[in-house]
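[1] need a structure here:
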Amino acid sequence: MESRSCKRCGATVWGERLSDEEDLCEKCDARQRASRWNPRPHPDLSATGRKAYFAGYSDGFHGAPFGAGDDGSIGAFSDYRPGFNDGRADATAV
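    The predicted model follows:
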């Protein structure tokens, strides 16, 4: 059985290599897949900026143009599109 190191965290991974491009452990691979549609905002964003950022990615995930759900009010930022909170929870649960 082949062993190798995860490119991201350095953990030892046993078993066949699934891809030559990615040498990631299961945990890092799950994180990478979860964050593809929901990249993390910059840590220096304000609370309002973070809400706007996540609302914009929610629009894109559901096929709408970035910011389509924003009517200009602060309250609009808290009304994420259907399924977004579940996806965000999946992305942070790993």
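[2] now do the contacts for the residue lying closest to Cys6 once chain neighbours are set aside.
    Using C-beta to C-beta, 6 or more residues apart in numbering and skipping the chain neighbours, the partner closest in space to Cys6 is Cys25 (4.0 Å). Every C-beta, even on glycine, is put in place using the N, C-alpha and C of the backbone. Contact partners of Cys25, counting by C-beta atoms under 8 Å, 6 or more residues apart in numbering, are Cys6, Arg8, Cys9, Ala11, Val13.
[3] from those residues, which land in helices?
    The helices, defined by DSSP state H, take in nothing from the contacts of Cys25.
[4] among the residues you listed, name the buried ones.
    Among the contacts of Cys25, those classed as buried by 16 or more other C-beta atoms under 10 Å are Cys6, Val13.
[5] from the contacts of Cys25, which two are the most distant?
    Across those, the longest distance by C-beta to C-beta is 10.9 Å; it joins Arg8 and Val13.
[6] identify the contacts common to these two.
    Leu24, Cys25.
[7] burial of the closest residue to Asp23 other than its chain neighbours, as a residue count?
    Nearest residue to Asp23 in three dimensions, chain neighbours excluded: Lys7, at 4.8 Å (C-beta to C-beta, 6+ apart). By other C-beta atoms under 10 Å, the residues close to Lys7 number 12.
[8] right, and Lys7 touches Asp29 too?
    No: contact criterion C-beta atoms under 8 Å: Lys7 and Asp29 do not qualify, at 10.3 Å.
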